[in-house]
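S.K.: Mind looking at a prediction? Sequence and model below.
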Amino acid sequence: MYLSVSEAATSSVLVRQEEGIQKPIYYTSKALLPAETRYSPAEKMALALITEARKLRPYFQAHKIGVYTNCPLKLILKKLEVSGRLTKWAIELSEFDVEYLPRTAIKTQAVADFVAEFTEPSIEVARMMVERNKKVFKWQLRIDGSSNTHGSGARVVVLTPEGDSVECAMRFDFKATNNQAEYEALIAGLKVCTVLGADEVEIFSDSQVVVNQVLDEYQARDESMITYLELAKELLERFKEYRIVHVPIEENEKADALAKLASATINIWPKTISMIRLRQLSIFKSKEVGAVFGEKDSWITPIKEYLVNDVLPSDPLEAKRLKYRATRYLVLNEELYKRGYSRALQRCVEPEEAEGILRSIHSGNYGNHAGGVSLAHKTLRQVFYWLTLFVDAKRMAARCEACQKIANNIRQPPELLQSITSPWPFAMWGIDLIGPMPTATGGAKHAIVAVDYFTKWVEVEPLV
């Protein structure tokens, strides 16, 4: 028996070998359903075998069947960690005497390939394939992650319908595998597209694992990969339509080069690129943020309640103030943003999150320990906002230990000096008490000092 699969169909040829000559007995083919088109090539090959076994059951029960294929079907069907459908097929095939052999004859395999190629797909699958290829998406997202001995990083490039390019690089403060870095890039890119207002997006990635797992062609078995996949699909559900495509590294050069740059140890970046430091995995952050910030009301809560649910305070004066303030805000994807006059939308953050943002901008690896006002304006340029931004920025800059150590030593007194004039010697004295000092003779620890303002004559007497 020879098997063959294509994008829309599977086929098989049952032959009988007599004196070294193969004579075909039966041809079978099956048009794949929409869900079956997303199977991996190995699963499609197993589907072709189980379809042949069901259609030609009398032959399988009466004879020993040799399956000639280059696909490791025996290893796949006998492995314990396979998916549910493969386990069922393996149990169903266990009643037959099936032997898996390496493929040698090319002529019969060509017949199976011919049948698979010319089997007409179902109407729904054909329509899906045509629409998938001819659809042109307005928004494009190119992502790439990189992990090496120097560190890990990711790169996101968003192309808007107007032709503008939004570039963002991320550096990780934790160890990440290549697959984790690719997923972090995908999650960050989807969040950027959501904030920019994209309703459909075409995603390009050079990671075959991530693309096929999102398309359900590969099965995620590692616990972290399963969590990443769930988070990515949750973000993809926010779009009306999306398409994810695997591209070679050569076609993803810009994202790939800057992802490697993000994972390196350099600290110099072009001003056109936004740099983000990720201190923990996104799969952990998404769970913790809701637990930390979701239970406590803040200044954001009443504004969101009014904009989303039209809820106002009971006090008429407070309700009037809230209506006036709410005109400067809007809600996008359950996040509150402040409208800026000359800036992009600024994300409103909770007080607990604000401290970490200020610390990262002020004293992070890419911070320059700016002063309070400068720090506040840099935070606004990073599209963050909260009510006490300027006060908090000045307080953090004043309390920064590093800033105090390297700050200029200002010797100017806090107040202007005032001249004290004396008309003649010993007319005006200045008296001061000093101590405690090391114990002197007689047990004296303090002293009284008198200074003449005209001659600077000093008189000192001990105090017991």
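M.R.: On my side now, so go ahead. Residues are numbered from 1 along each chain as shown.

S.K.: can you map out the helices along the stretch 351-464 of the chain?
M.R.: For the stretch 351-464 of the chain, helices defined by DSSP state H, counting those that start in this stretch occupy the ranges 351-363, 372-381, 389-399, 401-406.

S.K.: Those: which one's closest to Ser152?
M.R.: helix 351-363 (17.8 Å; Cβ to Cβ). Quick note: C-beta positions are derived from backbone N, CA and C, even for glycine.

S.K.: Show me the shaky parts of the chain.
M.R.: 80-83, 104-136, 149-150, 251-277, 279, 284-297, 341-343, 364-367 (pLDDT under 70).

S.K.: ok, now with 50
M.R.: By pLDDT under 50, the weakly predicted segments of the chain are 115, 118-120, 123, 125-126, 255, 258-259, 261-272, 286-295.

S.K.: quick one, domains of it?
M.R.: The record assigns the chain these domain ranges, following automatic domain parsing: 2-130, 137-285, 297-406, 429-463.

S.K.: Of those domains, which is nearest Thr421?
M.R.: Minimum separation from Thr421 across those (Cβ to Cβ) falls at domain 429-463, 7.9 Å.

S.K.: Figure out how far that closest one is from the centre of its chain.
M.R.: Remark: domain 429-463 is offset 69 Å from the chain centroid, using Cα atoms, centre = their mean, to the nearest Å.

S.K.: Then stretch 36-43?
M.R.: In terms of Cα atoms, centre = their mean, the centre of stretch 36-43 is found 28 Å from the chain centre.

S.K.: hang on, the earlier thing: mean neighbour count for the helices of the stretch 351-464 of the chain - can I get that in a markdown table?
M.R.: Listed next are the helices of the stretch 351-464 of the chain as a markdown table, based on neighbours: other Cβ atoms under 10 Å:
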| stretch | mean neighbour count |
| --- | --- |
| helix 351-363 | 17 |
| helix 372-381 | 18 |
| helix 389-399 | 16 |
| helix 401-406 | 10 |
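
S.K.: Switch those helices over to CSV; also include distance to Ser298.
M.R.: Formatted as CSV, the helices of the stretch 351-464 of the chain follow (distance: least, Cβ to Cβ, whole Å):
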stretch, distance to Ser298
helix 351-363, 6
helix 372-381, 17
helix 389-399, 14
helix 401-406, 28
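
S.K.: Tell me which of these lies nearest to Ala31.
M.R.: Ala31 lies closest to helix 351-363 among the helices of the stretch 351-464 of the chain, at 52.7 Å (Cβ to Cβ).

S.K.: which other helices and strands contact that closest one?
M.R.: helix 282-293, helix 372-381, helix 389-399 (3 or more Cβ pairs under 8 Å, 6 or more residues apart in numbering; DSSP states H and E).

S.K.: Tell me what angle it forms with helix 389-399.
M.R.: 50 degrees (axes from the mean of the first three to the mean of the last three Cα atoms, to 10 degrees).

S.K.: neighbours around Leu190, how many?
M.R.: A count of neighbours around Leu190, defined by other Cβ atoms under 10 Å, yields 24.

S.K.: residue ranges for the helices of the stretch 51-200 of the chain, please.
M.R.: 57-62, 73-78, 84-93, 107-117, 123-134, 178-195.
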